[in-house]
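Q: return atomic coordinates for the entry below.
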Amino acid sequence: MSGKFITLEGIEGSGKSTSLETIQSFLESRDIQYITTKEPGGGPIGKELRSMLLNKESKISSEVELLLMMADRRNHLDNIVLPSLEKGTWVISDRYLDSTYAYQGGGRGIDISKIDNLVNLLNIPLPHLTLLFDLSPVIALERAKNRSELDRFEQEPLVFHGRIRDEYLRLSELHQERIKIVDSSLNFDEVESQVKETLSNFLDEE
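A: Purely as a prediction, here's the structure:
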């Protein structure tokens, strides 16, 4: 079986990271070789870019933010994602391309066509499966606040996160075959069950 690329998406505090262990356990139970990674920050130049993008003191425009995200992504693909997939290893990434449409497109208000142009220019591939952890921004931000100090994105106003969620839901309508919604307002066991069911269905279709 060739490597598959699975991405986890959602607004801040939506439970992506919490479900990562569930996904890892599931893949291990099926004897599937995998790696986990994240964006921003997954590639060789990622640590510096991630620090710049998440630092509350960073003074960068929406356009510069978009370009930094896309540079980080291409570097991540070239050095981590694509080589792993070519070896038959599955890649699980906490955030990927849909985050750019949601955060820089929906949240920052950058025209979606500009993001499309960059995707085409940089030849950014789509993942095979995306789990979208959907949750009310009010609840999600409360979770984020309780988890740790808020970063540059997390400290944005509630309306910003509402626009992000709206864009994620728009994307899920456009890409129903790829993007599967997980209702992360439910308790852990119910979320875990949804994640396992989604992965099982994905494997059955392969």
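
Q: alpha carbons only for contacts and neighbour counts from here, please
A: Will do.

Q: how far away is the most centrally placed residue in the chain from residue 57?
A: Nearest to the mean C-alpha position of the chain, counting by CA atoms, centre = their mean, stands residue 95 at 1.9 Å. Residue 95 sits 23 Å away from residue 57 when distances are taken as CA to CA, to the nearest Å.

Q: mind listing the strands for this protein?
A: Per DSSP state E, the chain carries strands over the ranges 5-9, 34-38, 90-94, 129-134, 179-183.

Q: mean confidence for the fourth one?
A: Strand 129-134 comes out with an average pLDDT of 97.

Q: with the second one instead?
A: Over the span of strand 34-38, the pLDDT mean works out to 96.

Q: each with direction, which strands does that strand pair with?
A: The partner list of strand 34-38 in its sheet, established with DSSP bridges, is strand 90-94 (parallel).

Q: show me where the protein has its helices.
A: Counting by DSSP state H, the segments of the chain that form helices are 16-29, 46-54, 62-76, 82-86, 97-99, 112-122, 137-147, 158-174, 188-205.

Q: now the third one: buried residues?
A: By that I understand helix 62-76. Judged by neighbour count (16 or more other CA atoms under 10 Å), helix 62-76 contains these buried residues: 62, 65, 66, 68, 69, 70, 71, 72, 73, 74, 75, 76.

Q: next up, the contacts around the closest residue to the fourth one other than its chain neighbours.
A: Same thing as residue 68. By the measure of CA to CA, 6 or more residues apart in numbering, the closest residue to residue 68 outside its immediate chain neighbours is residue 49, 7.0 Å from it. In this structure, residue 49 makes contact with 40, 41, 68, 72, judged by CA atoms under 8 Å, 6 or more residues apart in numbering.
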